[in-house]
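K.L.:
Sequence first, predicted model second:
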Amino acid sequence: MLSCTCTEWCGEGWYYWPPNDFTTLQSKLSRKCCSCNKRIKVGDECVKFLRSRAPRSDIEERIHGDEVPLAPWYMCQWCGEMYLTLEELGYCHGLGDSMVETMQEYWDMTGFKLMSRGCN
């Protein structure tokens, strides 16, 4: 859901840090886009979200400090482009939301109309 109030707290017990730009997926395995579920291949352009949560025990706090790192989430180039565009415009949304639906919500709010490119 599109919002003007940003929070990096997901409500599920973890935090994330919004990226500034694209990166190349540098892992041994492909990853899944957290927005559209498309596979991101190693070497593809993507957007990477670093995540962490609060420690759940004294032992975790001694090992990790105030933040326990979690596996990062990724967006494919298509979804990442929409994410970064909306972020640049000052809008926020939940990590894991469908970027296509979020962009449609933005278009509905602004009155944007897609033009057909057919030969009429």
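P.N.:
Done, it's in.
K.L.:
Now the strand or helix carrying Met109: average pLDDT?
P.N.:
Element membership of Met109 [criterion: DSSP states H and E] is helix 99-110. The average pLDDT for helix 99-110 rounds to 88.
K.L.:
Same question for stretch 30-49.
P.N.:
Mean predicted confidence for stretch 30-49 is 96.
K.L.:
distance between the ends of that stretch?
P.N.:
One end of stretch 30-49 to the other measures 15 Å (C-alpha to C-alpha, to the nearest Å).
K.L.:
For that stretch, buried residues please.
P.N.:
Arg31, Cys33, Cys34, Ser35, Lys38, Ile40, Asp44, Cys46, Val47, Lys48, Phe49 (16 or more other C-beta atoms under 10 Å). C-betas here are computed from N, CA, C, even on glycine.
K.L.:
List just the nearest of the residues you listed to Gly96.
P.N.:
Each of the buried residues of stretch 30-49 was checked against Gly96 using C-beta to C-beta; the closest is Cys34, at 5.1 Å.
K.L.:
host element of the residue lying closest to the closest one once chain neighbours are set aside?
P.N.:
Distances taken as C-beta to C-beta, 6 or more residues apart in numbering place Trp73 nearest to Cys34, at 4.3 Å, with adjacent residues excluded. Using DSSP H and E, Trp73 maps to strand 68-76.
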